[in-house]
Each structure stands twice: as structure tokens, then as C-alpha cells.
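Trainee: below is the structure, and that's it, no one-letter string:
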């Protein structure tokens, strides 16, 4: 996501884990939503069928939103949420299908992809999922926007519609969200859609705040224009990985602006957030993450010359120093499931923090661990300037062990051991 929150290419509701999108430029990056092992809860009892409570009692009446009360809508959506939670708890993809609009193919792929990512993560099977409906809001085109409370304490804003007499998770299609609009503001070109007009002004405000945060923490921010696309649905082209929340793309040709793409709040792709803070706090961290990538790439060391953990860790560190908590780092440390900095095997798809985008699982955890590597480097080796010293050495040498010895006079084994001891002290 960011959670949210994933080559931002940062290459990402459990996660919002970050999978690699396929943007046109090879330097794009994608942010994964955070993967958190669910807190163990008592799974809610499956609701008994209550047809009289969910549909009008009048025989042969046509059921429309106008004929359904809010209580009836909530009851129908709750039944679907119980099915959705049971699918996660039982790792049952067939049951998941019953809760999802099977006529919207891109959306179906999104929900299925996130389900599979979670079931392959270290959090799978560590607790039970449960959801309840807080409120419902009637929207155009027969959609209901429901605020959903999870048993873990977070909330989600999901869309539902009735298909064959049953409420299912869904979203509009590209043809239904309105014509794309453009707004220039403070060096940004914002591309938006009417479907998200309730949140677009806030997203624009937060994007400008993200730039200010990066400028304050890194001391630099680009003066060049930036193109920002706010996507209200998953079904907009180009096709992307199911776990992408946002990403940054370098301008592919001279004169073309860099682009940041982010999913709008109130979309399934956006994921969950803390109700005490609101979605704005999570979105600000996401936008700051992406703008850090842009600044890193344009004004510091090109991200193509950095190890994956360096540029993803920096973006996480600048946007939210406490993000490792939400990405499952304490659990991984306590269970001794830390992803190594360097995979010493001969395999092509290295399973380490040097190559985050080739990880087969737990990408969101890798983002959290990358954050801790930047924090550890800054704390033990001279602050953020020490981090840049290491980056510059790695840029020249393209070998982490050699770069560590040049920058800090320590070898990789010593650096790795010190980091793991630091993780135990902080999260063990």
C-alpha cells in the first residue's frame, strides 16, 4: 500500500504485500500495503439465513435499493462478510468466490491475488478474521459503500452491489467512473475521475504535504512537474499486480514528467486504516513514500544503481519510521524468520533484501525490514549522511560487502550481525 499501504519500481489486506506492477518505464517502483499477522480472535458464528430481514416481505415485489432499508442492506452485507472471513480462515478460494462479484474480471483478480498473497505469508493461520458493518452509504449505479470494522481494530471502506439476489464485493467498471479530469496545482498535474470526487481534493492536499515532508527530511525536493494519477478502481489500465497500492514511474522520454500512481481511498486496493487516525494518515505516508522515490531518483543516486533494500527502506524510513510495526517485523524477529540481507545461494531469484522484487512471499515484511536496515545504518553509522555514504560506495562498487568496508570499515558479516542484534533489542 500502505499499509499502505507497492522496481511505488517500488515492485503492495492484509498486505496492502507489494507486487511488481508493469508500468512502461523500467525504473518504476510499487508500495505494498502492510501485511500484519491477524490478532487471534474468536471467529464469529456464521449467521443463520434470515431472508425476511434482508428482502422486502411483499410477494413478487421487485427488489431495488429503494425497496431495501439500511438495516436490510447491512444484514445482507454482513452475511457476505462472514463468508469472506471464513474463506480466509479456512484458506478456501471457492468460498471466497461467493463473496466477490464474478462478473467484474479485473476486480475478481485483485481480490483473489490478495487472498493468495496472504495465504502464502508468515501471518497465514496465525489468527482468525472477522468483520462487521459499521455503516452503509448509498452511491450511484446501485453500489453501497460500507465501512467495515475488522476484529483486529482497523476499518475498511468497501463497495458492494447485489448480484442475483446476493450482496457481493465489487467496484464500478472503467465506463462507469466518469471522464478523466486534469487539475494543475503547485507543480503537480493531477489526473482524477468523478467517481472519487469525494476524496480527490484531500488526496491533492496530502500530495503537496508529502512534498513538504520530503523536503524537510532530505533537504531537497524536485522543482520539475510531477504527474499524479488517482485511480478509483482496479480496472483502469495498465494492468497491475494485485498487491500494488501505489508506485512511482520515471519519465520514459525527455520532457515527460515523472508519474506517481495511487489508489484512492474507498477502493478495495487502498486497504485498511486506523479509525482513530483516519485514512488520511495512511495515505500521507504512502504519498511521502512515493515522493521520496522520486526525489531519491532525481536528486540523489538513481534508484537503478541502488540495492532494493536501500531505496525501499529509505522511502519507508522517511515516510513512516514506525512502519516496521505494521509490516510484521516484531513477529518475524520473535519467530526468527528474518529475511536475510544477502542470499548466499546460487539461485537466480535471490530470496533476500538485496532483491525484494524476486521474493516469493512476505514482500511487505521485506519493506519493514528494509526500513530497519536504514534506521540501523543511520543510528550506528552517522545518521542519514552515513546512509548516503554507503549508497554512494555501493553505486560505485555494486557489491555490498565491498561498499560496507569502504564506507564504514566493517564487512557484511559484522554489519549483518549488528543489525540482527539491534532488531532483537528493539523488537525481540
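Mentor: Structure received. Being a predicted model, the structure only gives us computed values, none of them experimental.
Trainee: residues contacting residue 188?
Mentor: Contact analysis of residue 188 by Cβ atoms under 8 Å, 6 or more residues apart in numbering lists 204, 207-208, 225-228. Yep, even glycine has a C-beta here, placed from its N, CA and C like the rest.
Trainee: swap the cut-off to 10 Å and go again
Mentor: The contact partners of residue 188, by Cβ atoms under 10 Å, 6 or more residues apart in numbering, come to 204, 207-208, 211, 225-228, 257, 260.
Trainee: show me what it is bridged to.
Mentor: residue 185, residue 226 (DSSP bridges).
Trainee: how about the one 4 residues further on?
Mentor: With DSSP bridges as the criterion, residue 192 is bridged to residue 181.
Trainee: list the residues that contact it.
Mentor: 178, 180-183, 199-201, 203-204, 228-232, 264.
Trainee: could you check how far residue 323 is from residue 97?
Mentor: 33 Å (Cβ to Cβ, to the nearest Å).
Trainee: ok, residue 80 next?
Mentor: In terms of Cβ to Cβ, residue 80 sits 12 Å off from residue 97.
Trainee: then residue 288?
Mentor: Where residue 97 is concerned, residue 288 sits at a distance of 37 Å (Cβ to Cβ).
Trainee: between those two, who's got more neighbours?
Mentor: Set side by side, residue 288 and residue 97 show more neighbours around residue 288, with 24 against 16, by other Cβ atoms under 10 Å.
Trainee: which residue is the nearest non-sequential neighbour of that one?
Mentor: Counting by Cβ to Cβ, 6 or more residues apart in numbering, residue 288 lies nearest to residue 319, which is 3.8 Å off, once chain neighbours are set aside.
Trainee: quick one, helices of this protein?
Mentor: 51-54, 70-90, 93-98, 105-119, 200-218, 279-299, 308-319, 323-326, 329-334, 363-380, 383-397, 400-408, 412-427 (DSSP state H).
Trainee: JSON lines for these, including distance to residue 126?
Mentor: JSON lines is the format used below for the helices of the chain (distance: least, Cβ to Cβ, whole Å):
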{"stretch": "helix 51-54", "distance to residue 126": "33"}
{"stretch": "helix 70-90", "distance to residue 126": "11"}
{"stretch": "helix 93-98", "distance to residue 126": "19"}
{"stretch": "helix 105-119", "distance to residue 126": "11"}
{"stretch": "helix 200-218", "distance to residue 126": "32"}
{"stretch": "helix 279-299", "distance to residue 126": "22"}
{"stretch": "helix 308-319", "distance to residue 126": "23"}
{"stretch": "helix 323-326", "distance to residue 126": "15"}
{"stretch": "helix 329-334", "distance to residue 126": "8"}
{"stretch": "helix 363-380", "distance to residue 126": "13"}
{"stretch": "helix 383-397", "distance to residue 126": "33"}
{"stretch": "helix 400-408", "distance to residue 126": "32"}
{"stretch": "helix 412-427", "distance to residue 126": "16"}
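Trainee: just those: most buried one?
Mentor: helix 308-319 (a mean of 28; mean count of other Cβ atoms under 10 Å).
Trainee: what's the domain layout of the protein?
Mentor: What automatic domain parsing lists as the domains of the chain is 51-173, 308-427.
Trainee: any idea how far residue 403 is from residue 343?
Mentor: 17 Å.
Trainee: hang on, residue 148 packs against residue 271?
Mentor: No. Between residue 148 and residue 271 there is no contact under Cβ atoms under 10 Å: 11.5 Å.
Trainee: distance of the residue lying closest to residue 329 once chain neighbours are set aside from residue 328?
Mentor: Nearest-residue entry for residue 329: residue 368, 4.3 Å, with adjacent residues in sequence omitted and distances by Cβ to Cβ, 6+ apart. In this structure, residue 368 and residue 328 are 6 Å apart, going by Cβ to Cβ.
Trainee: picking that back up, okay if I get the helices of the chain as TSV plus mean pLDDT?
Mentor: Below are these laid out as TSV (pLDDT from 0 to 100):
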stretch	mean pLDDT
helix 51-54	37
helix 70-90	97
helix 93-98	97
helix 105-119	95
helix 200-218	97
helix 279-299	96
helix 308-319	96
helix 323-326	84
helix 329-334	95
helix 363-380	96
helix 383-397	97
helix 400-408	98
helix 412-427	97
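Trainee: CSV for the domains of the chain, including distance to residue 248?
Mentor: Shown next, in CSV, are the domains of the chain (distance: least, Cβ to Cβ, whole Å):
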stretch, distance to residue 248
domain 51-173, 21
domain 308-427, 9
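Trainee: what's the closest of the ones you listed to residue 241?
Mentor: Proximity to residue 241, assessed across the domains of the chain by Cβ to Cβ, is greatest for domain 51-173 (7.0 Å).
Trainee: how far does the closest one sit from its chain's centre?
Mentor: Chain-centre distance of domain 51-173: 20 Å, with Cα atoms, centre = their mean, to the nearest Å.
Trainee: again with stretch 241-260
Mentor: Distance, centroid of stretch 241-260 to centroid of chain: 16 Å (Cα atoms, centre = their mean).
Trainee: which parts of that stretch are buried?
Mentor: By neighbour count on 16 or more other Cβ atoms under 10 Å, the buried set for stretch 241-260 is 241-251, 257-260.
Trainee: of the residues you listed, which belong to strands?
Mentor: Using DSSP state E, 246-249, 258-260 are the members of those that sit in strands.
Trainee: ok, so of those residues, who is nearest residue 359?
Mentor: Closest to residue 359, out of all of those and judged by Cβ to Cβ, is residue 247, at 16.7 Å.
Trainee: quickly list what the closest one is bridged to.
Mentor: residue 30, residue 261.
Trainee: buried stuff in stretch 159-171?
Mentor: 159-162, 167-171.
Trainee: contact partners for residue 341?
Mentor: 307, 309, 352-354, 369-370, 373, 400, 412, 415-416, 419-420.
Trainee: tabulate those residues (JSON lines), appending distance to residue 315.
Mentor: JSON lines is the format used below for the contacts of residue 341 (distance: Cβ to Cβ, whole Å):
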{"residue": "307", "distance to residue 315": "13"}
{"residue": "309", "distance to residue 315": "11"}
{"residue": "352", "distance to residue 315": "19"}
{"residue": "353", "distance to residue 315": "14"}
{"residue": "354", "distance to residue 315": "16"}
{"residue": "369", "distance to residue 315": "14"}
{"residue": "370", "distance to residue 315": "9"}
{"residue": "373", "distance to residue 315": "13"}
{"residue": "400", "distance to residue 315": "19"}
{"residue": "412", "distance to residue 315": "23"}
{"residue": "415", "distance to residue 315": "21"}
{"residue": "416", "distance to residue 315": "22"}
{"residue": "419", "distance to residue 315": "19"}
{"residue": "420", "distance to residue 315": "23"}
